[in-house]
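Novice: Sharing a model prediction with you, sequence too.
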Amino acid sequence: QVQLIETGGGLVQTGGSLRLSCAASGRTSSTLAMAWFRQPPGKEREFVAASSWSTYYTDSVKGRFTITRDKAKNMVYLQMNSLEPEDTAVYYCAAKYGPSTYSSLGAYPFWGQGTQVTVSS
């Protein structure tokens, strides 16, 4: 089992920045892929970014969001810049073993509790 705890959400104005953090504990390993998903109000949960052998982003956040990892600390971060009201969502950290199907929600067995990000216009 892997336990995930997200921190760093909040309220920010359009154009602002936030940094989300996710701490992993339990049966972590070097093969653990970690990702961020988000669920906007009234919509389904969607892929945002992942870090495994490389980094991957959904098109809408490319150039604005950056996913980084500190494997020694079992941490993953999501730096979010130039935030837009459309980025408003509950952001979830997720983890799985192995690098494949990094953007597939169903591929991730481990999830954090989520952290709210609200971008005001």
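Specialist: Structure received.

Novice: hey, where'd the strands end up in the protein?
Specialist: For the chain, the strands defined by DSSP state E cover 2-7, 10-13, 18-26, 32-39, 46-51, 55-57, 65-70, 75-80, 89-97, 110-111, 115-120.

Novice: Out of these, which is closest to S103?
Specialist: Among those, strand 46-51 comes nearest to S103, with 4.2 Å by C-beta to C-beta. No exception for glycine: its C-beta is placed from N, CA and C like everyone else's.

Novice: chain center to the closest one: distance?
Specialist: Chain-centre distance of strand 46-51: 6 Å, with C-alpha atoms, centre = their mean, to the nearest Å.

Novice: For it, give me every contacting residue.
Specialist: 33-40, 55-58, 61, 65-69, 76, 78, 91, 102-105 (C-beta atoms under 8 Å, 6 or more residues apart in numbering).

Novice: and these, which are buried?
Specialist: Buried members of those, counted by 16 or more other C-beta atoms under 10 Å: 33-38, 56-58, 61, 65-67, 69, 76, 78, 91, 102-103, 105.

Novice: Can you tell me the centre-most residue of this protein?
Specialist: Centroid-nearest residue in the chain, with C-alpha atoms, centre = their mean: W36, separated by 2.0 Å.

Novice: quick one on the thing from earlier: could you dump the strands of the chain into TSV with mean pLDDT added?
Specialist: Conversion of the strands of the chain to TSV gives the following (pLDDT from 0 to 100):
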stretch	mean pLDDT
strand 2-7	96
strand 10-13	97
strand 18-26	96
strand 32-39	95
strand 46-51	96
strand 55-57	95
strand 65-70	96
strand 75-80	97
strand 89-97	96
strand 110-111	96
strand 115-120	98
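
Novice: Show me what the nearest residue to L83 once chain neighbours are set aside bridges to in the sheet.
Specialist: Counting by C-beta to C-beta, 6 or more residues apart in numbering, L83 lies nearest to V119, which is 4.6 Å off, once chain neighbours are set aside. For V119, the beta-bridge partners under DSSP bridges are V12.

Novice: V119 and L105: what is the separation?
Specialist: In this view, V119 and L105 are 22 Å apart by C-beta to C-beta, to the nearest Å.

Novice: now do A94
Specialist: Distance, A94 to L105, using C-beta to C-beta: 8 Å.
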